[in-house]
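Here is my input; please provide its structure:
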Amino acid sequence: MSDQNPVFIPGPTNIPDRLRSAMQLQTRDHRAPDFVETLRPVLHQCKSVFGTESGEVIIFPASGTGGWEAAICNTLSPGDKVLVARYGMFSHRWIDLCRRHGLEVQVIDCQWGSGAPADRFEEALRSDTGHEIKALLVTHNETATGVKSDIAAVRSALDRASHPAMLFVDCVSSLASMPFAMDDWGVDVAVAGSQKGFMLTTGLAILAVSPKALAATECATLPRAFFDFQVMRAANEQGGYPYTPPLQLIHGLRESLRMLLEEGLDNVYARHHRLAEGVRCAVRAWGLELCARSPDLYSDTVSAILVPEGFDSNELTDHAFEKYGVSFGVGLGEMDGAAFRIGHLGSLTDVMVLSGLATIEMAMADLNYPIDLGSGVSAAQDYFRRTAS
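Numbers count the residues shown, from 1 in each chain. Model (predicted):
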């Protein structure tokens, strides 16, 4: 049955049975004293995953998109200027969200497959002598193209330009899977979600907010109600929520954090890198190319793979699902029809990844792709055998 097969999309990811059990709770009173014992440790332990001591974690019932909106509406005012680079579908969507909120958006267009352009950011920031730019928005891991950007380099660009803009980072598809260093990188708002590295269902927007960003809420005038940092923080200080919380998901997040910390974050990151390298070995053996333009940009959570000219990636992913009952990521935006994506994050092992590679190989062979059946699986097997602990 297809529901026994793992998914190979870049989120939502496979849910371990341990987390499914943790979320299967009977209704409980979220205003009872014991809810404090659940919520406070979750907020505290999330900080280690974000890599922050000074930041404060705030959790809303929403997806990552809700986290984007919370970041904007709590810290900015109508007409404020923000700087964003567009190099994939998710950076594009953040631009659209800002415009819908009445912000002035300065967009730096980049080729899809490239990363955040620190040098062009620096040029734009140096030109902004009046410091009209209030925030710089960056997507750490562009899920549509399988590109990881260098956030430390972006922070260096801000520092070299001596610019006071806040730095907002979308780390939805990187957090809890790849290293993230909020304090070291000087990030002011980091936005994540429950459905990727945390291995849960969609429904939690998980943010880490710096003291600088919290101070900005005092004068920001964009409308906010459900996503109000100040209201949420006031309730959290009493161990509660300002409205009904997603209790099952919060219990799931508590167990997810236990799993991550038991494995050790460094080991989590090493596991993701190893799985990603196995996939990249397979791509090379197939004679195909990644959308990411250079190895320093390769994501350890998702690989976007360009299909040969004359082939339709949507036909490939549809065929893999219909014939073999396995889901792979479709191409988004400029990658629509041109690339398919293999998600390799969350609850996955090398054995599971090999099953996905074998499946997509069969689908490509069925559709007469110019590959040798078994070549990618063999290349990944060789790599996994060499690197097994």
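
quick one: Val191 and Thr65 touch, right?
No - contact between Val191 and Thr65 fails when scored by C-beta atoms under 8 Å: they sit 9.1 Å apart. To be clear about C-beta, it is placed using only N, CA and C from the backbone, and glycine gets the same treatment.

Okay, strands next: where are they in the stretch 151-300 of the chain?
Ranges of strands in the stretch 151-300 of the chain, per DSSP state E, counting those that start in this stretch, are 166-170, 189-193, 204-209, 289-290.

what's the first-to-last distance across stretch 213-221?
14 Å (C-alpha to C-alpha, to the nearest Å).

Tell me where the chain has helices.
17-23, 34-50, 64-75, 89-100, 118-127, 151-160, 182-185, 211-216, 229-237, 247-263, 265-286, 313-324, 350-366, 375-387 (DSSP state H).

List the buried residues for the shortest one?
Buried residues in helix 182-185, defined by neighbour count with 16 or more other C-beta atoms under 10 Å: Met182, Trp185.

Other residues contacting it?
Helix 182-185 is contacted by residues 50-55, 151-152, 154-155, 167, 169, 190, 208, 210 when judged by C-beta atoms under 8 Å, 6 or more residues apart in numbering.

Of the residues you listed, which is the nearest to Pro370?
Of all these, the one sitting nearest Pro370 is Ile151; the distance, using C-beta to C-beta, is 37.6 Å.

so who does that closest one touch?
Counting by C-beta under 8 Å, 6+ apart, Ile151 has contacts Ala116, Val138, His140, Leu167, Val169, Ala181, Trp185, Val187.

Mind picking the two most distant members of those?
Across these, the longest distance by C-beta to C-beta is 15.4 Å; it joins Ala116 and Ala181.

The two: which is more packed in?
More neighbours surround Ala116 than the other of Ala116 and Ala181, with 28 against 14 (other C-beta atoms under 10 Å).

For Gly11, find the nearest of the helices of the chain.
Per C-beta to C-beta, nearest to Gly11 of these: helix 64-75, 8.9 Å.

who touches the closest one?
Residues lying outside helix 64-75 but in contact with it, judged by C-beta under 8 Å, 6+ apart, are 58, 60, 62, 93-94, 97-98, 101, 103, 134-135, 166, 168, 170, 172, 188-189, 191-193, 205-207, 213, 216-217, 220, 222-224, 227-230.

Count the neighbours of Leu357 for me.
Leu357 has 28 nearby residues by other C-beta under 10 Å.

coming back round to it: same drill for Val191 and Thr65, tell me which one is more crowded.
Per other C-beta under 10 Å, whichever of Val191 and Thr65 has more neighbours is Val191, with 28 against 17.

For that one, list the residues it contacts.
By C-beta under 8 Å, 6+ apart, the residues touching Val191 are 64, 67-68, 70-71, 168-172, 205-207.

What residue, apart from its backbone neighbours, is nearest it spatially?
Beyond its immediate neighbours in the sequence, the residue positioned closest to Val191 (C-beta to C-beta, 6 or more residues apart in numbering) is Gly67, lying 3.8 Å away.

what about the protein, any weak spots by pLDDT?
1-2 (pLDDT under 70).

and with 90 instead?
Within the chain, the ranges that satisfy pLDDT under 90 run 1-4, 27-38, 90, 238-240, 389.

And the residue most central in space within it, how close does it get to Ser299?
When the chain is reduced to its mean C-alpha position, the nearest residue by C-alpha atoms, centre = their mean turns out to be Ser173, at 1.6 Å. Per C-beta to C-beta, to the nearest Å, Ser173 is found 8 Å from Ser299.

Equivalent analysis for Ser389, please.
Per C-beta to C-beta, Ser389 is found 23 Å from Ser299.

Name the residue in these two with the higher neighbour count.
Neighbours per residue, other C-beta under 10 Å: of Ser389 and Ser299, the larger number sits with Ser299, 31 against 6.
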